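Engineer: give me coordinates for this.
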Amino acid sequence: MELLENLDQKKILEIGVAEGGSSIIILNAIKDIEDSHLFSIDLSKNNMIGYCVNNLFQNLSNKWTLFTGNIAARFMKRIGNNIDMVLIDSVHFEPGEILDFLMVLPFLKEEAIVILHDIGNQITKCGQKNSRRNFAPYKIFNIIRGKKFYPSGNYILTKDIGGIKLEKNQFKFIHDYFRTLGGQWDYFPEETHIDLMRNYIKIYYDNDCSMMFEETVKFNREFVKNNLGELFIDTTPS
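Structural biologist: Residues are numbered from 1 along each chain as shown. Just a heads-up that it's a prediction; the model follows:
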């Protein structure tokens with residue numbers, strides 16, 4: 001992964017694991033960096049999560065910790081502060097990656113690197129229903145304040161991934177980030193995850209952020225229920 005080259009990341013977080021293809025790339029990049037470690041989170045409890053590391057690259061597993069079965073907010077305190085880099089490659093639909101970034105931000109080191117996959121603004125046809133796949137990573141990538149960079153080489157192969165070296169004092173932009181949650185969501189998270197996120201925001205963000213979260217949750221609970229029903233979401237690992 002070219003975005004990892006010439007960087008000295010010791011504490012890396014990955015959100016969205018699937019079978020562990022990206023995990024292998026990251027672990028190979030940090031295997032010779034002393035005290036480096038990759039923490040990975042996946043909402044699914046599927047036995048295939050992290051398969052590549054667990055079954056094919058066990059020699060790298062000493063630098064890897066995998067958490068499954070919940071959103072990042074459940075695990076961030078255990079992972080701890082001073083995260084050098086985060087790769088976010090999760091649900092691709094709103095509010096997915098936007099919430100992922102907000103859960104991670106309080107634990108990132110100053111001027112950390114944020115990498116997002118599937119940042120192409122793709123509105124495609126999935127089955128018989130329109131899909132706004134990649135809208136969430138597209139939106140949050142473009143609003144995060146910092147120096148943007150992309151892999152070189154074949155644009156067709158690299159156009160959907162990009163990195164950001166965060167500006168200092170990210171919390172001065174936090175209301176802009178929470179406003180990105182506004183508008184119509186493509187799915188509604190489980191209520192247990194909403195409750196977890198609500199409490200998380202109260203701890204790490206201000207009252208205005210909590211208010212914006214509550215307003216958009218209230219709107220989208222009704223919007224998804226009344227307008228989308230069983231929204232088709234392609235959960236095939238990317």
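Engineer: if I look at Asp195, how far off is Glu222?
Structural biologist: 18 Å (CB to CB, to the nearest Å). (Each C-beta comes from the backbone N, C-alpha and C, glycine too.)
Engineer: an error on my part: the question was meant for Ile25.
Structural biologist: 41 Å.
Engineer: who has more neighbours, the two?
Structural biologist: Neighbour count, other CB atoms under 10 Å: between Ile25 and Glu222, Ile25 has more, with 13 against 10.
Engineer: residues in contact with whichever strand or helix holds that one?
Structural biologist: When elements are assigned from DSSP states H and E, Ile25 belongs to helix 21-30. With contact meaning CB atoms under 8 Å, 6 or more residues apart in numbering, helix 21-30 is reached by 1, 4-5, 9-10, 12, 14, 16-17, 36-38, 40, 50, 52-53, 56-57, 60, 63-64, 87, 89, 117.
Engineer: what's the PyMOL syntax to select whichever of those are buried?
Structural biologist: To isolate the buried ones among these in PyMOL, judged by 16 or more other CB atoms under 10 Å, type:
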select buried, resi 4+9+12+14+16+17+36+37+38+40+50+52+53+57+60+63+64+87+89+117
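Engineer: of the contacts of helix 21-30, which belong to helices?
Structural biologist: Members of those lying in helices (criterion: DSSP state H): none.
Engineer: now do the helices in the chain.
Structural biologist: Under DSSP H, the chain gives helices at 21-30, 51, 76-79, 96-104, 135-143, 155-158, 174-179, 191-204, 207-223.
Engineer: dump the C-alpha coordinates for the fifth one into PDB.
Structural biologist: Taking Å, rounded to 0.1, in the frame of the first residue of the first chain, the C-alpha atoms of helix 135-143 are listed here in PDB:
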ATOM      1  CA  PHE A 135     -21.600   8.400  -0.700                       C
ATOM      2  CA  ALA A 136     -20.600   8.300   3.000                       C
ATOM      3  CA  PRO A 137     -16.800   7.900   2.400                       C
ATOM      4  CA  TYR A 138     -17.000  10.500  -0.400                       C
ATOM      5  CA  LYS A 139     -18.700  13.100   1.800                       C
ATOM      6  CA  ILE A 140     -16.500  12.700   4.900                       C
ATOM      7  CA  PHE A 141     -13.200  12.500   2.800                       C
ATOM      8  CA  ASN A 142     -14.000  15.800   1.200                       C
ATOM      9  CA  ILE A 143     -14.900  17.600   4.300                       C
END
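Engineer: other SSEs contacting that helix?
Structural biologist: Helices and strands touching helix 135-143, by 3 or more CB pairs under 8 Å, 6 or more residues apart in numbering; DSSP states H and E, are helix 96-104, strand 108-117, helix 174-179.
Engineer: quick one: the first one to strand 108-117, angle?
Structural biologist: Read that as helix 96-104. Here helix 96-104 runs at an angle of 170 degrees relative to strand 108-117 (axes from the mean of the first three to the mean of the last three CA atoms, to 10 degrees).
Engineer: which residues of this structure score low on pLDDT?
Structural biologist: Residues of the chain meeting the criterion pLDDT under 70: 1-8, 121-133, 152-159, 228-238.
Engineer: what's near enough to touch the most centrally placed residue in it?
Structural biologist: Nearest to the geometric centre of the chain sits Ile88, at 3.1 Å (CA atoms, centre = their mean). Applying CB under 8 Å, 6+ apart, we find Ile88 in contact with Ile15, Gly16, Glu97, Asp100, Phe101, Val104, Val114, Ile115, Leu116, His117, Pro137.
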